[in-house]
Structure formats: structure tokens, C-alpha cells
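K.L.:
Structure, please.
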Amino acid sequence: MNERYIVGVTGASGAQYALRFLWQLSFVPGQSELIVSPNFLKVLESEVELRAPLSDLLQLATESYGKLGTEHQFAITDYRDISARAASGSAGYRAMVVLPCSMKTLAAIHAGLSQNLIERAADVSLKERRPLILCPRETPLSTVHLRNMLGLTEAGATIMPIMPGYYHRPERMIDLYDFMVDRIFQHMGIAKRTIKPWRS
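P.N.:
All right, here's what the predicted structure looks like:
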């Protein structure tokens, strides 16, 4: 049976990590609800040379990395629609990831605000004890950031900052993106590897 996932992208720097993640995920059998915050689109416009329409992340991933795989189905879900399936505790999702995760979104999830679908889906993931991976990209970190991260870790989330390693001897930027994708996949329960493991 194909697994179902929730993928949120928010307005933190690191848009290419999200595009590469979507490209790699397209080769994994399964389905995903893709939820895009308006602020992510603003960051994307400043970080990525756009040829496809700004809102078409899958086409942008294709233009950046090549043809998408056919094994994965993506459903674009309205960020404002808190009545969507991803907001339901009875819907069966394997895991949720927010990549990149802005500090605003991280703080809102920690506070349980649920003001939009990303926040609500994350809140549901926590209460249902499903894997929730949050990938912030910020430096330096304030005491407020750290306290929010600690609180979310205590609530059951995995805080996975966008901090790629170098033991796989990256030669291109894409190798750094794939390092993070590999780590996220492992915590989502996805067997596909995107880098050579440190110890096989």
C-alpha cells in the first residue's frame, strides 16, 4: 500500500531544498498533500530564477532538476483551507515535513495556533503522535527560537535544521540538498537513499 504524506513549505530561506525534496519524492511510491505558504512564494522569487509560473513548484522542480518521477502523486492543497483532509486526525498520513520551516511557523506550531492548514496539519500530527519533521534555516538562533524548538521536541516533533554534512564529499550544491533530503526521508520512514550512507 502506498503511504501518504503532508509536505508544507513556508517563508524561510532555502527554497532549493524544497524543490529538490519534491523532485526526489516524486520517485517514491505514494501520495502527498503539498501546502505552500504565500511567504514561501516571496522567498522563492528572490532566490530562484523563475521560468515556470511562481506557484507551480512541481514545474519549477522539473526545470531545476529534470523530469519528475511518476511514482508519487501530489495534491496541491489551499493553505487557507483548514477543513482539508490534512487537517483531520482521522486521515491516515505516515508523516509530515515542513521544509523550509520559518521561525514564525515554528512558533505558531509550538503555541498550537492552527491559523492555516500547515499549522493545523502540524498540530494534528503532534496530537496523533505521527512523525513531524520541522526544518528551520536561521542563524544565529535567539533564546525564543531555542525555547520553541525545545518545546516542540518535548511535544514529539523532530527539529532538523537545514545543516548539511560534508562527509559524503559534496562537489556541487545539489549534493548538499540531497544530504538533507536523505536525512528527512529517513525520519519519514522512506527507504530511498539520496546519498551514499556514512556506514553501509
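K.L.:
just for the chain, where's the confidence low?
P.N.:
Within the chain, the segments meeting pLDDT under 70 span 1, 54, 200.
K.L.:
quick one: the helices in it?
P.N.:
If DSSP state H is used as the criterion, the helices of the chain fall at 15-25, 38-47, 57-65, 103-111, 117-127, 143-155, 173-188.
K.L.:
Out of these, the one nearest S88 is which?
P.N.:
For S88, the closest of these is helix 117-127, at 7.0 Å, according to Cβ to Cβ. Where C-beta positions appear, they are placed from N, C-alpha and C, glycine not excepted.
K.L.:
show me what contacts the nearest residue to V36 once chain neighbours are set aside?
P.N.:
Counting by Cβ to Cβ, 6 or more residues apart in numbering, V36 lies nearest to V9, which is 5.3 Å off, once chain neighbours are set aside. Contacts here follow Cβ atoms under 8 Å, 6 or more residues apart in numbering; on that basis V9 touches 18, 34-37, 40, 57, 98-100.
K.L.:
Looking at those residues, spot the one nearest I118.
P.N.:
Using Cβ to Cβ as the measure, the one of these that approaches I118 most closely is I35, at 5.1 Å.
K.L.:
Give me the neighbour count for the residue nearest to P136 when sequence neighbours are not counted.
P.N.:
Leaving out its chain neighbours, the residue that sits closest to P136 by Cβ to Cβ, 6+ apart is C101, at 4.8 Å. Per other Cβ atoms under 10 Å, the neighbour tally for C101 reads 30.
K.L.:
from memory C101 sits against G11, does it?
P.N.:
No: using Cβ atoms under 8 Å as the test, C101 is too far from G11 to be in contact (9.6 Å).
K.L.:
thinking again about what came up before, JSON lines for the contacts of V9, including neighbour count and distance to Y5?
P.N.:
Output for the contacts of V9, formatted as JSON lines (neighbours: other Cβ atoms under 10 Å; distance: Cβ to Cβ, whole Å):
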{"residue": "A18", "neighbour count": "29", "distance to Y5": "14"}
{"residue": "L34", "neighbour count": "19", "distance to Y5": "9"}
{"residue": "I35", "neighbour count": "28", "distance to Y5": "11"}
{"residue": "V36", "neighbour count": "22", "distance to Y5": "15"}
{"residue": "S37", "neighbour count": "22", "distance to Y5": "17"}
{"residue": "F40", "neighbour count": "25", "distance to Y5": "18"}
{"residue": "L57", "neighbour count": "24", "distance to Y5": "15"}
{"residue": "V98", "neighbour count": "30", "distance to Y5": "12"}
{"residue": "L99", "neighbour count": "27", "distance to Y5": "12"}
{"residue": "P100", "neighbour count": "27", "distance to Y5": "17"}
